[in-house]
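# Need a 3D model of the sequence below.
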Amino acid sequence: MGGSLGLRRAEGVDSIVPTRTTGATEDGTSGQVDCTLELEPTDQPVASAASGQDSSRVTSATATPPAERGVGMPREALGFVFGETSAQVKSACTDAGYDWEMQAEKARCSGTPAPIGLETLSKIEFCDDALCALTVVVAFDIAQKGANKSFLKIVNSLKGQYGTPLFTRTEVPGDCSEDLLGCVIQDKASWKAKWKWKGEGQIAAKTFAKDGVAHLAVRYQLASEKRTSQKPEQSVNTSAF
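Next comes the predicted model:
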């Protein structure tokens, strides 16, 4: 896996374009939606508050699971290898120059062995001393030029590697189209998505804000069948950071 959250980089994304669509909720029920992120390159004009488009919750139609498209659950992400022992994972972290903390079967690394050029924090979980879950939290400095573009590159890298998410929800008012991360900080905009492999595991991603900083958390989690100890699957828990 490469450096962009273990995924391919995507180029040519400069803005967020609200569009109209109809989708399904996370539990599969359908519903009307008003606008969604256009996370692929586009030549359409960027909508603004003057366009009359309001903020709304958005869900996409259920997509074909990655496994059915021949895409497997990753076995490595950002230099961390699932199934490795705590000693091996600690070495990967500290050999890259980062700090390591561990209590019981949970650990933190102050970065990622494979850097992505952004501030990151890794929360690591072990099942019988084997790496079974990894949450990578990316912090975006909106004062830096290109922060929103970096966010979109990560999202497109995830989509490029694993395809359309099984579930996605976007909330973006028109006046946030050019500054999504600024609106995430203000709790005006958000994005989350999930990819799932039956019997293998899942990847869940979501934006959140803490201490005036916009973050993206991406959680890689093996299914209970792939773990040596049985634990239920979890979504991204941003309150832990």
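# Please save the CA atoms from the longest helix along the chain in CSV.
Longest helix in the chain by number of residues (criterion: DSSP state H): helix 147-162. Coordinates of each C-alpha in helix 147-162 appear next as CSV, following Å, rounded to 0.1, in the frame of the first residue of the first chain:
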residue,chain,number,x,y,z
ALA,A,147,-6.2,21.7,2.7
ASN,A,148,-9.5,21.1,1.0
LYS,A,149,-7.8,19.6,-2.0
SER,A,150,-5.8,17.3,0.2
PHE,A,151,-9.1,16.1,1.8
LEU,A,152,-10.7,15.4,-1.6
LYS,A,153,-7.6,13.5,-2.8
ILE,A,154,-7.9,11.2,0.2
VAL,A,155,-11.6,10.6,-0.5
ASN,A,156,-10.9,9.9,-4.1
SER,A,157,-8.1,7.6,-3.2
LEU,A,158,-10.5,5.6,-1.1
LYS,A,159,-13.0,5.5,-3.9
GLY,A,160,-10.4,4.7,-6.5
GLN,A,161,-9.1,1.8,-4.6
TYR,A,162,-12.4,0.3,-3.2
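# Assess the claim that Ile124 and Ala107 are in contact.
Yes - judged on C-beta atoms under 8 Å, Ile124 makes contact with Ala107 at a distance of 4.5 Å. For every residue, glycine as well, the C-beta is placed using N, CA and C.
# more neighbours, these two?
Ile124 (24 against 19; other C-beta atoms under 10 Å).
# Beta-bridge partners for the more buried one, please?
With DSSP bridges as the criterion, Ile124 is bridged to Ala107, Leu134.
# Where does the prediction get shaky in this protein?
Low-confidence segments of the chain, defined by pLDDT under 70, span residues 1-70, 225-241.
# run the last query once more with 90
Counting by pLDDT under 90, the chain shows low-confidence ranges at 1-74, 104, 115, 144-145, 159-168, 170-178, 197-199, 223-241.
# All the helices of it, in order from the start?
Using DSSP H, helices in the chain cover 86-95, 147-162, 180-185.
# Mind exporting the C-alpha coordinates of the shortest one to PDB?
Looking back up the chat, that one is helix 180-185. In PDB, the C-alpha atoms belonging to helix 180-185 read as follows (Å, rounded to 0.1, in the frame of the first residue of the first chain):
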ATOM      1  CA  LEU A 180     -15.700  22.200   3.200                       C
ATOM      2  CA  LEU A 181     -13.200  21.800   6.000                       C
ATOM      3  CA  GLY A 182     -14.000  25.300   7.400                       C
ATOM      4  CA  CYS A 183     -17.700  24.300   7.500                       C
ATOM      5  CA  VAL A 184     -16.800  21.000   9.200                       C
ATOM      6  CA  ILE A 185     -15.200  23.000  12.000                       C
END
